[in-house]
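Participant: Sequence and computational prediction follow.
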Amino acid sequence: MRPLCYVQPDGNAARGLEDRVDRAGLQPTTDPGAAAAIVWSSNLPDGLEEVLAAGPSVRWVQLPIAGIERFVPTVRARSHLTWTCAKIAFGPAVAELTVGLLVAGFRQLHRYTAATSWQPLPGRLLAGAHVAVLGGGGIGRALVARLAPFDVEVTVVSRSGAPVDGARTVTAAGTREVVAAADAVVLALPLTTDTTRLVDRGFLETMRPDAWLVNVARGGVVTTDDLVDALRRGRIGGAALDVTDPEPLPDGHPLWDLPNAIVTPHVANTPTLGAEALGDLVEDNARRFVAGQALLALVDPSAGY
C-alpha cells in the first residue's frame, strides 16, 4: 500500500499538488489521522496545528512558501517532524525581477516611465559594479547566476559563509565591511530575530552615497522610517523594494513619491509564476519520501528557515 498524504487546505492549489504527489507515489487521503505526510497549500498556518494534532502518523510536512516566519511557532513546537519549504523553488523568478530592479535603479528607468517630458538623466552601468547579496539560499544563488553575464563582482553574505559558485562569500560577521564597499546591496535573506530591522540608520550610513538597496526578502528586514529618511537626504542612491513594512504599502506613503525609490507590490514571485516550480519541488520531495531519500529544502526549526 502506498503511503498516505493529506493535501490541504482544499482549493485549486491543493488539487494541483494532489496530482503531483499521486504521480510521485503517495496516495492522497482526506483523513489526516492516517497520513504519513502533509502537503500544506496555504501561505497561512491557520488550521495546520489542528491537522497535526489529528495526525499521529505524520512524519513529513511540506510548506508552500520560502519565508516561513508565520509557521515558525508550529515548526518549533513539532521539531521532531521533517519540515520542508519552498526556499529553492522560487529563486529563479525572484532573481529575475531583482536583476530588473537593479538595472532600473542604475539607469533611472523608473523616472523615465513617470516622465511627461523629454529629460535625459544621469545613469550608471550595472556592468562592472560590486553587488553585495545578503543571503546565500535559493534566491541568492539564482541571482549570482543571473548576474554573471553583466560581469559584476558579487559578494554573498550568509550565516555560514558557505561557497557559492560565481561569488566571493563571507560570514555575517563581515556584513558591514561588504556593504560599505558595494554599489548595490540586495536583501535576499529570511526574516528571523537576527535579521528583523537589520537595515536601520546605522546600516544605511555604512552604505556608499551612490549605492542602491534592493529588498526582495521581507519588509521587516528594513526599518522603513530610517530608509525614508536616508532617501530624502540622498544618503544612498536609491531603493528598489518588492516587499515593504507595512505591506501592502498604504496609499500616500512617502515611498510612493520619492524620486529615488522604486516600489513593486510583492510580485517577484506570484502564485501563477510559482505554481509550476512549487509543483516540481513537491513531486520531487514526494518521490524522495517514498524512496526513503533525503528531502530538498529542509527547514532548520532552530534557525526558523
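Facilitator: Sure, I can see it.
Participant: Look up which helix or strand residue 28 falls in, please.
Facilitator: Taking DSSP states H and E as the definition, one finds residue 28 inside strand 27-29.
Participant: now do residue 39
Facilitator: Element membership for residue 39 (DSSP H and E) is strand 37-40.
Participant: Distance from the chain centre to that strand, please.
Facilitator: Mean-position distance between strand 37-40 and its chain equals 21 Å (Cα atoms, centre = their mean, to the nearest Å).
Participant: Repeat that for stretch 228-235.
Facilitator: That offset, for stretch 228-235, works out to 25 Å (Cα atoms, centre = their mean).
Participant: other SSEs contacting the helix or strand containing residue 139?
Facilitator: Assigned by DSSP H and E, residue 139 belongs to helix 138-147. When contacts are defined as 3 or more Cβ pairs under 8 Å, 6 or more residues apart in numbering; DSSP states H and E, helix 138-147 sits against helix 91-107, strand 130-134, strand 153-158. Glycine gets a C-beta too; all of them are placed from N, C-alpha and C.
Participant: re earlier: buried by neighbour count: which residues of the strand holding residue 28 qualify?
Facilitator: Under the neighbour-count criterion of 16 or more other Cβ atoms under 10 Å, strand 27-29 has 28-29 buried.
Participant: now do stretch 6-26
Facilitator: Across stretch 6-26, burial judged by 16+ other Cβ under 10 Å covers 6-8, 13-14, 16-18, 20-22, 24, 26.
Participant: what residues does that stretch touch?
Facilitator: 2-5, 28-32, 35, 37-42, 47, 51, 55, 58, 64, 271, 275, 278-279, 282-284, 286-287, 289-290 (Cβ atoms under 8 Å, 6 or more residues apart in numbering).
Participant: Using CSV, write out every CA atom in it.
Facilitator: The C-alpha trace of stretch 6-26 is given here as CSV (Å, rounded to 0.1, in the frame of the first residue of the first chain):
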residue,chain,number,x,y,z
TYR,A,6,-3.0,14.8,3.2
VAL,A,7,-3.1,17.8,0.9
GLN,A,8,-5.0,20.8,2.4
PRO,A,9,-6.5,23.4,2.6
ASP,A,10,-8.8,22.5,-0.3
GLY,A,11,-8.8,24.6,-3.4
ASN,A,12,-7.2,24.7,-6.9
ALA,A,13,-3.7,24.8,-5.5
ALA,A,14,-4.3,21.8,-3.3
ARG,A,15,-5.9,19.8,-6.2
GLY,A,16,-2.9,20.5,-8.4
LEU,A,17,-0.5,19.4,-5.6
GLU,A,18,-2.6,16.3,-5.0
ASP,A,19,-2.0,15.3,-8.6
ARG,A,20,1.8,15.8,-8.1
VAL,A,21,2.0,13.6,-5.0
ASP,A,22,-0.2,11.0,-6.6
ARG,A,23,2.1,10.9,-9.6
ALA,A,24,5.1,10.6,-7.3
GLY,A,25,3.8,7.5,-5.5
LEU,A,26,1.9,8.9,-2.5
